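Participant: A structural model of the following input is requested.
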Amino acid sequence: MKSILRRITALALCAVLLCSTALASDALGGKIYGYTLDICDDTTLTREVMWSSSRSDLRTENYVTYKPSDSISPVVSFGSSIPDKQTVTSMAKALEKNGRRVLSGINGDYFVMATGDPLGIVITDGVLRSSASYLHAIGFNADGSAVIGTPNLSLMADFKGQSLKIADINKIRTNTGFYLFTDDFGNTTKNTQKGVDVILAPNTPGDQLKIGGTVSCTVEQVIEASGATAIPDGKFIMSISNKSGEWLQETIRSLQVGDTVDINISSEDTRWNNVQHAVGAMYWILKDGKVDTSISDGASAPRTAVGVKPDGSVVFYTIDGRQSGLSVGATIQMVAQRLQELGCENAVLLDGGGSTTLVSTYPDFGTSSTINSPSEGTPRSVSNAIFLLSNLNPTGTAGSLYVTPKSLTLLPGATTQCVASAMDTGWYPMDTLPGDVTWSSADNAVSASGLFTAPAAPGVY
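Facilitator: You can find the predicted model right below:
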């Protein structure tokens, strides 16, 4: 145990900074200070503060890197329904209330502010909760490995010898084509115009929509609807506006109670058949190791992205913005270049601006908190989020030490008290230290009691 204590303590003290000598990021500027913490097996939380010479201001990034393993699970979460907006923090608290340890979480897809409609796909627990065939997406398999691509879903309703395209699943209905609603969308279809709604009951109770699958249903009711229709639990509603094509309207009106309707969902990219969790992503910013320079770059702003390295490691990335003196943000191509610097081969951009949020659970805490600085002062309510959860349980066996402060900039002669907390082998905090802690640092800058005094010479200690 003594060797473990010494190793972890030394590592933490190396993150205590005195000045701004540093490595540089071609994308963001010169590094001033930062830290990297182990928060689970092969999982780290990193914070870097950089100086942008071109902007004469700071850039602050926070990101989590994990290697897929049995110890962790990436999951997608949303509120009580697909369009129900909630903060990433509140979604994290809901997961914790269900007994999960939230290692990290970031905001997800772009969404319609007025309605909460996510623009892209949403998959949780292998079920397609919301569709969008034309946008990119980031998906996660059961083993934690990530998939980046464009699902290009085929959504079809087969009945009476015809195979008709479904425009979308669990999106606000427009005036064109068929829409399919499930109870994931909420209590009603939220339609505001007249149309035709067909209530479908899966022939196998509990059957759900999955990519690469078919759900066979029986027509229970055909409704001439003047507005929103209640969605029965466990059933579907196929809906069309009266402003849609006349032939399509009459086709759906031809359905009668007892008729069979098969809902088929497929993707030419069969990788999506096995994805357990996914969210849409408007921009694929780093593809096969190359930055996509064709994307409109945009102004410097808060950004959220997910990158995947050649070895399968995944990076949940955020950079704060619109806060002079803390972080001025980055353009889209800066983020792509930065993820390239971090070793990613592919990366997608998620919603940014006031939505950019990263939560994590520090090693000595039992619950998660917001790690970054949202540009609106508090986390924005968003449509969905991606979380990294621990699959480990507390063991009560000491495994490592966590030292605070994690990172600090001090003037010569200034002091700070270092404190060590014990973590068990499941990465849960322990109430007491398992033994004595020995403190040491370069140039004897730390005392036997853990009091660090910044030396006169600039450096990292």
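Participant: which element is the residue most central in space within the chain on?
Facilitator: With distances taken as CA atoms, centre = their mean, the residue of the chain nearest its centroid is residue 386 (2.6 Å). Element membership for residue 386 (DSSP states H and E) is strand 384-390.
Participant: that strand: how far from the chain's middle?
Facilitator: Mean-position distance between strand 384-390 and its chain equals 6 Å (CA atoms, centre = their mean, to the nearest Å).
Participant: now that strand - C-alpha only, CSV.
Facilitator: Once side chains and other backbone atoms are set aside, the C-alpha atoms of strand 384-390 remain, and they are given as CSV (Å, rounded to 0.1, in the frame of the first residue of the first chain):
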residue,chain,number,x,y,z
ASN,A,384,-30.7,14.7,-24.3
ALA,A,385,-27.3,13.9,-22.9
ILE,A,386,-24.6,11.2,-23.0
PHE,A,387,-23.4,9.8,-19.7
LEU,A,388,-20.6,7.5,-18.6
LEU,A,389,-21.6,5.3,-15.7
SER,A,390,-19.6,3.0,-13.4
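Participant: other SSEs contacting it?
Facilitator: When contacts are defined as 3 or more CB pairs under 8 Å, 6 or more residues apart in numbering; DSSP states H and E, strand 384-390 sits against strand 72-78, helix 88-97, strand 101-107, strand 277-281. (C-beta placed from N, C-alpha, C; glycine too.)
Participant: redo that, cut-off 6 Å
Facilitator: Other helices and strands packing on strand 384-390, by 3 or more CB pairs under 6 Å, 6 or more residues apart in numbering; DSSP states H and E, are strand 72-78, strand 101-107.
Participant: now do that strand, average pLDDT.
Facilitator: For strand 384-390, mean pLDDT is 98.
Participant: ok, residue 299 - how many residues close by?
Facilitator: By the criterion of other CB atoms under 10 Å, residue 299 has 11 neighbours.
Participant: return the distance of it relative to residue 110.
Facilitator: As for residue 299, its distance to residue 110 is 17 Å (criterion: CB to CB, to the nearest Å).
Participant: ok, residue 269 next?
Facilitator: Distance of residue 269 to residue 110, computed by CB to CB: 21 Å.
Participant: quick one, which of the two is more surrounded?
Facilitator: Shown here are residue 269 and residue 110; by other CB under 10 Å, residue 110 has more neighbours (24 against 14).
Participant: next, the more buried one: phi, psi?
Facilitator: When read as degrees, to the nearest 10, the backbone of residue 110 gives phi -60, psi 150.
Participant: before we move on, back to that, list just the one of the helices and strands packed on strand 384-390 that sits closest to residue 278.
Facilitator: Each of the helices and strands packed on strand 384-390 was checked against residue 278 via CB to CB, and the shortest separation belongs to strand 72-78, namely 6.5 Å.
Participant: for that closest one, packing partners?
Facilitator: Under the contact definition 3+ CB pairs under 6 Å, 6+ apart, strand 72-78 sits against strand 277-281, strand 384-390.
Participant: mind checking which helix or strand the closest residue to residue 448 other than its chain neighbours is in?
Facilitator: In space, residue 448 comes closest to residue 439 once its chain neighbours are excluded; the distance is 6.2 Å by CB to CB, 6 or more residues apart in numbering. Assigned by DSSP H and E, residue 439 falls within no helix or strand.
Participant: do I have it right that residue 439 meets residue 450?
Facilitator: Yes. The pair residue 439 / residue 450 is scored as a contact, 4.9 Å apart, by CB atoms under 6 Å.
Participant: burial of residue 210, as a residue count?
Facilitator: 17.
Participant: gap between it and residue 150?
Facilitator: Taking CB to CB as the criterion, residue 210 is separated from residue 150 by 18 Å.
Participant: ok, residue 380 next?
Facilitator: Residue 380 sits at a distance of 27 Å from residue 150 (criterion: CB to CB).
Participant: hang on, the earlier thing: quick one: the residue nearest to the centre of the chain from residue 140, how far?
Facilitator: The separation that residue 386 has from residue 140, given CB to CB, amounts to 8 Å.
Participant: now the helices for this structure?
Facilitator: Counting by DSSP state H, one finds helices in the chain at the ranges 2-13, 88-97, 246-253, 332-341.
Participant: where does the chain have low pLDDT?
Facilitator: 1-23, 133 (pLDDT under 70).
Participant: before we move on, back to that, got a list of what the residue nearest to the centre of the chain touches?
Facilitator: Residues in contact with residue 386, defined by CB atoms under 6 Å, 6 or more residues apart in numbering, are 76, 106, 108.
Participant: could I get the residues you listed as a markdown table with distance to residue 92?
Facilitator: Compiled in a markdown table, those are given as follows (distance: CB to CB, whole Å):
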| residue | distance to residue 92 |
| --- | --- |
| 76 | 13 |
| 106 | 11 |
| 108 | 13 |
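Participant: sorry, back to before: need the winner for burial among the helices of the chain.
Facilitator: Among the helices of the chain, helix 332-341 has the highest mean neighbour count (mean count of other CB atoms under 10 Å), at a mean of 23.
Participant: that one packs against which elements?
Facilitator: Applying 3+ CB pairs under 6 Å, 6+ apart, we find helix 332-341 packed against strand 283-287, strand 290-291, strand 303-308.
Participant: just to revisit the earlier point, filter the contacts of residue 386 down to the buried ones and hand me the ChimeraX line.
Facilitator: What follows is the ChimeraX syntax for the buried subset of the contacts of residue 386, where burial is set by 16 or more other CB atoms under 10 Å:
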select :76,106,108
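Participant: compute the first-to-last residue distance for stretch 348-357.
Facilitator: Across its full length, stretch 348-357 reaches 16 Å end to end, with CA to CA, to the nearest Å as the criterion.
Participant: appreciated, that's everything.
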